[in-house]
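S.K.: I would like to see how this sequence folds:
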Amino acid sequence: MMAAQGTRQIALVGCDEAQQAAWGNRLRLMGCTPAAFDNSADFLLAVTGGTQFDLLLITLKDEGAWPILTAMCKALRIPICLIASASQRDLLVEVLTAAGNDSPGAHIDFAVLPIDDFELELRVRESLRRNETLLHPQAVSAFFGDYQFLGSRRVVVHKGTEIRLKPREFELALLLFRNAGRLLERDWLLASLWVDARIERKSRVLDCCVANIRRKLSLHKDSEFMLHSVYGRGYELRHLPTSSMGEEMNGHPGANGSGFPDTSNEPVWLGEIERTQARA
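M.R.: Predicted coordinates for the structure are as follows:
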């Protein structure tokens, strides 16, 4: 199967019919092209035959193909998004430990069933974006109002001033800006940004990173964007628009320079639903 020019080819491996239908539809709405395979052997056959993939979305099964599967994905710089059930915890730990995470494109993200469309899309987008950043850091340039992100230097330019962030701070800041107006759950942030380390939920490493971003980028109530903490849940970057902000964003030549399709059709998050109900 050949993907349409400019789209991202996503391999679905080991998914049942319901997952293929639901996840495949979600991927198409994102502008991606799904390609379903019954098992790892069929996927590996397609890869060795020259078919190129941007991401492997695979359900965890107790099979012997994992060593060659992860080795192939490392060699070809294909990130893996691994979906497991709660009963597969031991197998999941074994697979992640054996795979390692020591080369570009070898990143393995994981999620535990049940997984809804919101989380699936976030994990797919983040895996694709992170792989693109690792392979082509100079191509990462995005504008959000007066903030410009330059991935090649891990620098944010704000009103003409260059602000240098640590690698993890840059990753988190870009993730927050890409999802402005949405509550990003604490557990999801820890799993996404510290996937190569064992970070407990009660750890303050995320809070320290957020505090540094808030201070360095001046994300407070008197600015265009405010980084808000939601106790016990996570963080939300809120856009505080000015009268001319819409014109600035629409007219900026790099406003959509991230390479991702338009996300205006994304569903409302639970946090937004709750606020809407509270105002009703």
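S.K.: does Gln9 count as helix, strand or coil?
M.R.: Under DSSP: H, G, I helix; E, B strand; the rest coil, the three-state class of Gln9 is strand.
S.K.: And the helices in this protein, which stretches?
M.R.: Taking DSSP state H to define them, one finds helices in the chain at 17-29, 40-48, 66-76, 89-99, 117-135, 167-178, 186-193, 205-216, 245-251, 270-279.
S.K.: shouldn't Glu236 be in contact with Phe177?
M.R.: No. In this structure, Glu236 is not within contact of Phe177 by C-beta atoms under 8 Å, at 11.7 Å. Heads up, the C-betas are built off the backbone N, CA and C, glycines and all.
S.K.: Which one's more surrounded, these two?
M.R.: Taking neighbours as other C-beta atoms under 10 Å, Glu236 and Phe177 compare with Phe177 leading, 23 against 20.
S.K.: any idea how far Gln19 is from the residue lying closest to that one once chain neighbours are set aside?
M.R.: Distances taken as C-beta to C-beta, 6 or more residues apart in numbering put Phe144 closest to Phe177, at 4.6 Å, once the chain neighbours are dropped. Relative to Gln19, Phe144 is positioned 34 Å away (C-beta to C-beta, to the nearest Å).
S.K.: wait, doesn't Arg28 sit right on Pro34?
M.R.: Yes. Between Arg28 and Pro34 there is a contact under C-beta under 8 Å: 6.7 Å.
S.K.: Which one of those two is surrounded by more residues?
M.R.: It is Pro34, of Arg28 and Pro34, that has more neighbours when counted by other C-beta under 10 Å, with 22 against 13.
S.K.: Run through the bridge partners of the more buried one.
M.R.: Counting by DSSP bridges, Pro34 forms beta bridges with Ile10.
S.K.: Touching, it and Ala22? I think so.
M.R.: No. With contact defined as C-beta under 8 Å, Pro34 does not reach Ala22; the gap is 10.8 Å.
S.K.: pLDDT averaged over stretch 114-128 - what is it?
M.R.: The average pLDDT for stretch 114-128 rounds to 84.
S.K.: start the count at 13, not 1, going forward
M.R.: All right, first residue 13 from here; so that's stretch 126-140.
S.K.: and it, which residues are buried?
M.R.: 130, 132-140 (16 or more other C-beta atoms under 10 Å).
S.K.: what does it contact?
M.R.: Residues from elsewhere that reach stretch 126-140 (C-beta atoms under 8 Å, 6 or more residues apart in numbering): 20, 22, 34-35, 38-39, 42, 44, 66-67, 69, 91-93, 95, 119, 121, 123, 187, 191, 200, 204, 272, 278-279, 281-282.
S.K.: quick one: low-confidence parts of the stretch 163-292 of the chain?
M.R.: Under the criterion pLDDT under 70, the flagged ranges of the stretch 163-292 of the chain are 164, 207-215, 254-292.
S.K.: change it to 90
M.R.: Applying pLDDT under 90 to the stretch 163-292 of the chain flags residues 163-167, 171-173, 176-184, 186-187, 190-219, 232-236, 241-246, 251-292.
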